[in-house]
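# 3D model of this:
(2 chains)
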Amino acid sequence: MTQIALPQSIDDTLALLGNADYVADRSLATVIFLALKLGRPLLLEGEAGVGKTEIAKVLAQGLGRRLIRLQCYEGLDVASAVYEWNYAAQMIEIRLAEAGGATSRDKLTSDVFSQRFLIERPLLQALKADPAGPPVLLIDELDRTDEAFEAFLLEILADFQVTIPELGTIKAAAAPIVILTSNRTREIHDALKRRCLYHWVDYPDAARELAILSAKVPGVPKRLSREIVAFVQAIRKEDLFKVPGVAETLDWASALVELDKVALDPALVSDTLGVILKYQDDISKIAGSRAAQLLDDVRAELKA
Amino acid sequence: MKAPETIEGEDGRLGENIAYFARALRVAGLPIGPGMVIDAVRGVEASGIGDKQDFYWTLHALLVRKHEHTPLFDQAFRLFWKKRGYLERLMSMMLPAMEDPRQRKAETAMRRVQEALFSAIRDQKKPKKPRLDIDATFTVSDAEILQRKDFEQMSAEELALAAKAIARLRLSVDEQVTRRLKPAIRGRLIDPRRTLRASLRAGGALIDLKRRDHGIRRPPIVALCDISGSMSQYTRIFLHFLHALSAERGQVHSFLFGTRLTNITRTLRHKDVDEAIAACSAAVPDWSGGTRIATSLHQFNRHWSRRVLGQGAIVLLVSDGLERDDHGLEDEMARLHRSCRRLIWLNPLLRYDGFEPRARGIRAMLPHVDEFRPVHDLTSIADLVQALSRPIDQTTDMRVWRQRAA
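Got it, this is the predicted structure:
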């Protein structure tokens, strides 16, 4: 199996993302290109629903690599992130060794703590050689775990190696492509940030959002998609607790297509507002007259 | 590879220029180490200087590690790569910001030297060191008077003593069970890894069960302190408490608000309490000015609540609640209350026995707090420490307060 070569320039990177229907801006392509070129992990921060996780998926798809995903949560520990021993099999091995007669203690220890009984979890899997090339390792929503887990990651991110006390250090044959994402519900420690390249993924501008919409939800009438994007762009300027992300825009467009609509009207917007706004305060602020007014502004702007 | 005219010099100079640029950024407050500079040079080599935009984002990718630093980087980039010789100007522009703390440091150092020199004389004058035990006996001692004395009526010397007493407080053991497991002698769960290693050490004949249990950690504390004219003295002394708290546990986020919100978490991490508090007052432009509680809470809810209230945080709101313009105050309080585990309102007005929640701001805020406590003397701060270790305080009966406010 031949490996797909890494992009050689920023333009190549843009094309790679574009082929997989990911409409990126140039700043994002630059940082991805550098992360691949310099072999450094990439930390993506941004509000929920701006397409951070999608970048890892698209990279894996575009480069034909395996995607290994580690979803972070509170209490995530080495046993479920890096490796675990198969204790039941180890116990049986010990009993068998006893039944089979006297074996030396050292030999038993090295038998029991061998690769055979090792259960690999995502981080260790990512260090394995792969015929298609080093995998893409996605460490998703890093901010959900605690500081103690960040400390585990330091060794992996800096040297792409894991130390297992009973076995020794396992080093990656080739460095995996590491993408970390964070919603910034707490600050990531500086020591971890220092080992990564950093990029803040922002909400897209109207032109890019329109391109994303037509790439991701084909079959939306042209007028409707322009209205949707303009309305969402306008609503992001409102004083809301949580403004809608790109994911919400796409959901909304799919929902409206399902309803066979070709244009927005105030009643429709108020009825379907729950797709793009997820807090009751925000919905009550926008629903009704404010939505109608925003829609009028959007129409006037599109006509101009 | 075409070098645009905006970037001065031949290839040989580029590395040097990047190093200068990194230095300028460092002066502006971005944490940039030599490793990052080397990365930046290699990165620019890798991506090539196609046009200014690519160059910009390449350097941005390699030198910026925080969203807040983007505007700084942007400004520095535009100034620096425009023409040569701008570096000096850039440096001189940023110099005041840099010079200030140094000067201040020198001043405090001087004061400290003075104090060190003259403390012997002062000690002779006042040999008796007041004891500040919380459960002091019935004798009316200096300590007891100090315990009950309103911060606002304290002299400078008494305030200093009070600050010291606060630093000595044994802080709470507020604990929260985590999902992370840790070894425990009498834990409820078996730890297979340690069990197996221990039994193999003995040859595998005996299986000596090792146990583990859920870990315990302290939840983050977020303090929002009012610094309007009527509150500034209390907040100043409360900062001593926050400083002691931040030194003891990692997760303490502190904000000050008058007419707008300022995050002083990093400033307060300074090891020396006097310097930390001086730096805080320097960081805040609106000390002892007016107050706009609703606006400040709105800013907090919008920009910070999701970032700092994540892991079961306790919010300490230090304010007298005297807000003339209470438009939107109730909504913001409700939002704040819903975002945190526990909201404690510390109000120095509670020092008056006949305090009635009549003011409109107070009436708007009261329905949305879990606890309502005083914060005007040492005893009340000691009580707060006690309250933080209990789940939810039953002694300050919120129902009564709410009825009175209704």
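# measure stretch A:43-51 end to end?
Stretch A:43-51 has an end-to-end distance of 13 Å (criterion: C-alpha to C-alpha, to the nearest Å).
# what does it contact?
Identification of contacts with stretch A:43-51 by C-beta atoms under 8 Å, 6 or more residues apart in numbering or on different chains yields A:22, A:52, A:55, A:142, A:179-184, A:188, A:192-193, A:196-204, A:212, A:242-248, B:67. The C-beta positions use only the backbone N, C-alpha and C, and glycine is treated the same way.
# Now list the buried members of the residues you listed.
A:22, A:52, A:55, A:142, A:179-184, A:188, A:192-193, A:196-201, A:203-204, A:212, A:242-248 (16 or more other C-beta atoms under 10 Å in any protein chain shown).
# Check the gap between the nearest residue to A:Q71 once chain neighbours are set aside and chain B for me.
Once flanking residues are discounted, A:Q71 sits nearest to A:D140: 5.1 Å by C-beta to C-beta, 6 or more residues apart in numbering or on different chains. For A:D140, the distance to chain B equals 16 Å [C-beta to the nearest C-beta, to the nearest Å].
# Repeat that for A:N86.
Where chain B is concerned, A:N86 sits at a distance of 10 Å (C-beta to the nearest C-beta).
# Helices along the stretch 1-150 of chain A, start to end?
A:10-19, A:26-38, A:52-63, A:78-81, A:87-99, A:105-112, A:122-125, A:147-159 (DSSP state H, counting those that start in this stretch).
# in which helix or strand would I find the nearest residue to B:V41 once chain neighbours are set aside?
Take B:V41 and drop its neighbours on the chain: the residue closest to it by C-beta to C-beta, 6+ apart is B:G15, 4.8 Å away. Following DSSP states H and E, one finds B:G15 within helix B:11-27.
# before we move on, the earlier item: tell me which of the buried ones among the contacts of stretch A:43-51 fall in strands.
Judged by DSSP state E, these include A:179-182, A:197-200 as members of strands.
# remind me which residues of the stretch 1-150 of chain B are low pLDDT?
Residue ranges of the stretch 1-150 of chain B with pLDDT under 70: B:1-12, B:49-50, B:83-144.
# interface residues of it facing chain A?
Residues of the stretch 1-150 of chain B lying close to chain A (C-beta under 8 Å from any C-beta of the partner chain) are B:31, B:33, B:35-36, B:39, B:42-43, B:46-48, B:50, B:53-54, B:57-58, B:60-62, B:64-67, B:70.
# Restricted to helices, list those residues.
Mapping the residues of the stretch 1-150 of chain B next to chain A onto helices (DSSP state H) picks out B:35-36, B:39, B:42-43, B:46-47, B:53-54, B:57-58, B:60-62, B:70.
# Wait, the residue nearest to A:Q71 touches A:V178, no?
No: A:D140 sits out of contact with A:V178 when judged by C-beta atoms under 8 Å, with a separation of 11.7 Å.
# contacting residues around stretch B:30-40?
Contact with stretch B:30-40 is made by A:38, A:40, A:190, A:194, B:18-19, B:22, B:25-26, B:58-59, B:62-65, B:69, B:72-73, as judged by C-beta under 8 Å, 6+ apart.
# List only buried entries from the residues you listed.
Buried among the contacts of stretch B:30-40 (16+ other C-beta under 10 Å): A:40, A:194, B:18, B:22, B:25, B:58-59, B:62-65, B:69, B:72-73.
# farthest-separated two in these?
Using C-beta to C-beta, the pair of the buried ones among the contacts of stretch B:30-40 lying farthest apart is A:R40 and B:L72, separated by 22.2 Å.
# how much space between B:K182 and A:L154?
Distance, B:K182 to A:L154, by C-beta to C-beta, to the nearest Å: 20 Å.
# quick one: the residue of chain B found nearest chain A and B:R217, what's the gap?
Nearest residue of chain B to chain A, counting by C-beta to the nearest C-beta: B:R179, 2.7 Å away. As judged by C-beta to C-beta, B:R179 and B:R217 stand 11 Å apart.
# ok, now A:L250?
Counting by C-beta to C-beta - A:L250 and B:R217 are separated by 38 Å.
# helix or strand for the residue nearest to A:G274 when sequence neighbours are not counted, which one?
In space, and not counting its chain neighbours, A:G274 is closest to A:I283: 6.6 Å by C-beta to C-beta, 6+ apart. According to DSSP H and E, A:I283 maps onto helix A:280-286.
# What sits closest to B:D320 if chain neighbours are left out?
Once flanking residues are discounted, B:D320 sits nearest to B:L349: 5.1 Å by C-beta to C-beta, 6+ apart.
# What score does that neighbour have for pLDDT?
Here, the pLDDT recorded for B:L349 equals 87.
# Tell me if it really is in a helix.
Yes: the assignment for B:L349 (DSSP: H, G, I helix; E, B strand; the rest coil) places it in a helix.
# residues near it, how many?
Neighbour count for B:L349, taken as other C-beta atoms under 10 Å in any protein chain shown: 19.
# For it, list the residues it contacts.
Contacts of B:L349 by C-beta under 8 Å, 6+ apart are B:320-322, B:355, B:362.
# contacting residues around A:T13?
By C-beta under 8 Å, 6+ apart, the neighbours of A:T13 are A:7, A:29-30, A:32-33, A:36.
# Quick check: the gap between it and B:E175.
For A:T13, the distance to B:E175 - C-beta to C-beta - is 48 Å.
# try A:L38
43 Å.
# Kindly report the same for B:K66.
Counting by C-beta to C-beta, the separation of B:K66 from B:E175 is 31 Å.
# between the two, who's got more neighbours?
Higher neighbour count among B:K66 and B:E175: B:K66, with 17 against 12, using other C-beta under 10 Å.
# contacting residues for that one?
B:K66 neighbours (C-beta under 8 Å, 6+ apart): A:193, A:198.
# Likewise for A:N86?
Each residue near A:N86 by C-beta under 8 Å, 6+ apart is listed here: A:117-119.
# cool, and A:R194?
B:33, B:35-36, B:65 are the contacts of A:R194 under C-beta under 8 Å, 6+ apart.
# Can you tell me which of the contacts of B:L349 is nearest B:R338?
B:G321 (19.1 Å).
# Buried ones among the ones in helices among the residues of the stretch 1-150 of chain B next to chain A?
By 16+ other C-beta under 10 Å, those give B:36, B:39, B:43, B:46-47, B:54, B:57-58, B:60-62 as buried.
# TSV for the residues you listed, including distance to B:S155?
As requested, those are exported to TSV (distance: C-beta to C-beta, whole Å):
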residue	distance to B:S155
B:M36	50
B:D39	55
B:G43	59
B:A46	64
B:S47	64
B:D54	63
B:W57	58
B:T58	59
B:H60	53
B:A61	56
B:L62	54
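# Between those residues, which sits nearest B:V252?
Out of these, the member with the shortest distance to B:V252 (by C-beta to C-beta) is B:M36, at 28.9 Å.
# Which residue ranges make up the domains of the chain?
In the absence of a named chain, chain A is used. Following automatic domain parsing, one finds the domains of chain A at A:10-77+A:121-200, A:83-116, A:206-303.
# that answer is for a different chain, and I need it for chain B
B:1-123, B:179-215, B:221-405.
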